[in-house]
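Peer 1: Next come a sequence and a model predicted from it.
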Amino acid sequence: MDHDLIHTEADVDDLISDIHHLIDETPQEEAPAAPELPQVEPEAAPIEPEAEPEAAPAEEPAPEEHFQQQRWTDRQKVPKHVARLQNHQQEAYAQWLKEQEEKGEEGPPVFEEVQPKKKKKREQQLAEQPEPSEEDGTVAVKKKRRAAPWLCLLLVLATLTAVVLTVLVVPEQPMARSEHIHAAGTSTILLAGTDDSFGRTEMLMLMSVNTAKGRLSLVSIPADTLIPDGEGAVELRAVYALAGGGHVGIAALEKAVAACVGFVPDGTLVLHPEALTDFVDTMKGVTYGGEALTGEEALELLTTLEKDETLDLTRVQTQRAFLAGLIGQCRSAAAVLRAPLLLDAVCENAVTDMTTRELLWLARASLLLDSENAEMATLPGEAVEGNYLLDAELTVQTVNAYCNPYIRAVADGDLDVFAMGE
């Protein structure tokens with residue numbers, strides 16, 4: 001037999017079996033008894049198979065191993081190297097079973113597949129992430145909700161930026177054309193409020209803004225004031241309507257007011273009733289006298305005369321107080337955020353000869369000044385037969401003290417009114 005063909009234990013067993021056949025004179029099956037050969041005692045005593053633990057079921061040997069074990073058992077001739085090998089295998093297996101019992105494990109060890117760190121981290125994140133719901137779409141909703149706060153924040157920042165740029169960069173101080181010089185940062189605007197479609201101006205007020213000294217003054221002109229009109233006379237409330245309203249009516253009204261105070265206002269803003277109601281409703285109400293008023297309630301407050309009152313002297317005081325409180329409430333954060341809407345509410349229901357930049361200057365100046373400490377006055381005069389006649393001397397003093405925008409003082413000759421006693 002070629003020695004190069006011996007590669008495994010099976011080959012060794014076959015070789016030993018062939019040698020035994022050559023030694024035997026007769027075949028093993030026909031011989032009555034096998035000749036006794038010197039028994040080779042193995043170095044280690046034969047190991048009786050130990051009982052396997054109940055937890056690990058015995059495995060059936062392969063057909064080839066069973067045949068080899070049966071053959072060696074029949075002959076009772078086990079070579080030393082084979083016995084030694086079996087001994088080591090049984091000891092190792094018994095030791096492994098003992099270790100498994102101590103660990104409390106059953107069956108052979110299972111080795112996990114080694115995965116890259118990135119793959120493990122990704123699988124862990126996917127395991128922790130909640131499964132999407134088919135009914136309400138949990139994952140999709142969460143992604144949308146994450147974007148909503150940032151979108152709202154961007155809109156708020158854009159609005160604030162627009163307001164700041166408009167208030168700080170664009171505004172322009174309104175100034176009437178005159179040969180006289182304006183005091184630094186001072187302008188006087190005529191505010192007129194109509195009561196209905198007839199265009200009668202039931203509210204006439206001069207708002208003087210002095211940004212250099214931080215002063216805000218509100219001077220009322222009674223709508224019943226009688227002024228010359230050609231050969232006759234006319235009440236101040238009817239001038240705007242008689243001129244046809246609009247810009248022509250504003251020009252006629254400014255001329256009539258100049259006759260009462262000695263100078264032409266730097267600008268005029270005629271407000272229709274809807275301007276007040278929309279403005280107040282956009283602000284979500286205005287607090288006056290401890291009560292929250294809606295737009296309609298505010299309009300009724302400013303246009304209603306007191307009982308048994310023929311002149312609007314008490315009403316003009318209410319108008320000034322309400323306007324001062326309204327300006328103060330416009331300085332709140334909520335009003336600043338609604339500034340574009342408030343500006344639209346005024347411009348859509350008003351007529352003015354001022355530009356947008358001049359209106360923004362007026363709004364900025366009014367908000368920066370302290371409206372709670374605004375100076376208030378009414379042109380002095382006296383009621384005569386249902387009309388109001390100005391006192392020229394006292395009117396000049398009041399104008400110079402509260403609403404004259406020029407360096408030059410107003411004199412008695414600058415007025416064109418009916419003198420008391422005439």
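Peer 2: Right, received. Where do you want to start? Numbering: from 1, shown residues only.

Peer 1: so who does Met205 touch?
Peer 2: For Met205, the contact set (C-beta atoms under 8 Å, 6 or more residues apart in numbering) comprises 190-192, 218-221, 316, 319-320, 323. C-betas here are computed from N, CA, C, even on glycine.

Peer 1: Flag the shaky bits of the chain, pLDDT-wise.
Peer 2: Within the chain, the stretches with pLDDT under 70 are 1-15, 17-18, 20-83, 85, 104-123, 125-169, 197, 305-312, 419-422.

Peer 1: Going along the chain, name the strands of it.
Peer 2: In the chain, the strands defined using DSSP state E lie at 186-194, 201-210, 215-220, 226-229, 232-235, 267-271, 286-288, 291-293, 350-352, 375-378, 381-384, 387-390.

Peer 1: Would you reformat the contacts of Met205 as CSV and include distance to Gly244 and neighbour count?
Peer 2: CSV is the format used below for the contacts of Met205 (distance: C-beta to C-beta, whole Å; neighbours: other C-beta atoms under 10 Å):
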residue, distance to Gly244, neighbour count
Leu190, 18, 26
Leu191, 20, 22
Ala192, 15, 29
Leu218, 28, 24
Val219, 27, 24
Ser220, 25, 22
Ile221, 21, 26
Val316, 26, 24
Gln319, 25, 22
Arg320, 29, 20
Leu323, 27, 22
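
Peer 1: Nearest to Glu296 among those residues?
Peer 2: Glu296 lies nearest to Gln319 out of these, by C-beta to C-beta, at 16.5 Å.

Peer 1: I'd say that closest one and Val219 touch.
Peer 2: No. If you go by C-beta atoms under 8 Å, Gln319 and Val219 don't touch, sitting 11.6 Å apart.

Peer 1: picking that back up, could you work out which of the strands of the chain reaches nearest to Tyr93?
Peer 2: Of the strands of the chain, the one closest to Tyr93 (C-beta to C-beta) turns out to be strand 291-293, at 92.2 Å.

Peer 1: In the closest one, which residues are buried?
Peer 2: Leu293 (16 or more other C-beta atoms under 10 Å).

Peer 1: List the pairing partners of it within its sheet, with orientation.
Peer 2: strand 286-288 (antiparallel) (DSSP bridges).

Peer 1: what does the strand it pairs with contact?
Peer 2: With C-beta under 8 Å, 6+ apart, strand 286-288 has contacts from 280, 292-293, 298, 301, 321-322, 325-326, 329.

Peer 1: among the residues you listed, who's most crowded?
Peer 2: Val280 (23 neighbours; other C-beta atoms under 10 Å).

Peer 1: follow-up on the earlier one: so which of the strands of the chain is nearest Glu101?
Peer 2: Per C-beta to C-beta, nearest to Glu101 of the strands of the chain: strand 291-293, 83.6 Å.

Peer 1: what sits against Leu359?
Peer 2: Each residue near Leu359 by C-beta under 8 Å, 6+ apart is listed here: 269, 343, 347, 352.

Peer 1: cool, and Met376?
Peer 2: Here Met376 is in contact with 217-220, 317, 320-321, 324 (C-beta under 8 Å, 6+ apart).

Peer 1: between those, which is closest to Gln95?
Peer 2: After measuring the contacts of Met376 against Gln95 - C-beta to C-beta - the closest member comes out as Ala324, at 99.8 Å.

Peer 1: right, and the closest one touches Asp370 too?
Peer 2: No. Under the criterion of C-beta under 8 Å, Ala324 makes no contact with Asp370, lying 9.9 Å away.

Peer 1: Give me the more crowded residue out of those two.
Peer 2: Ala324 (19 against 13).
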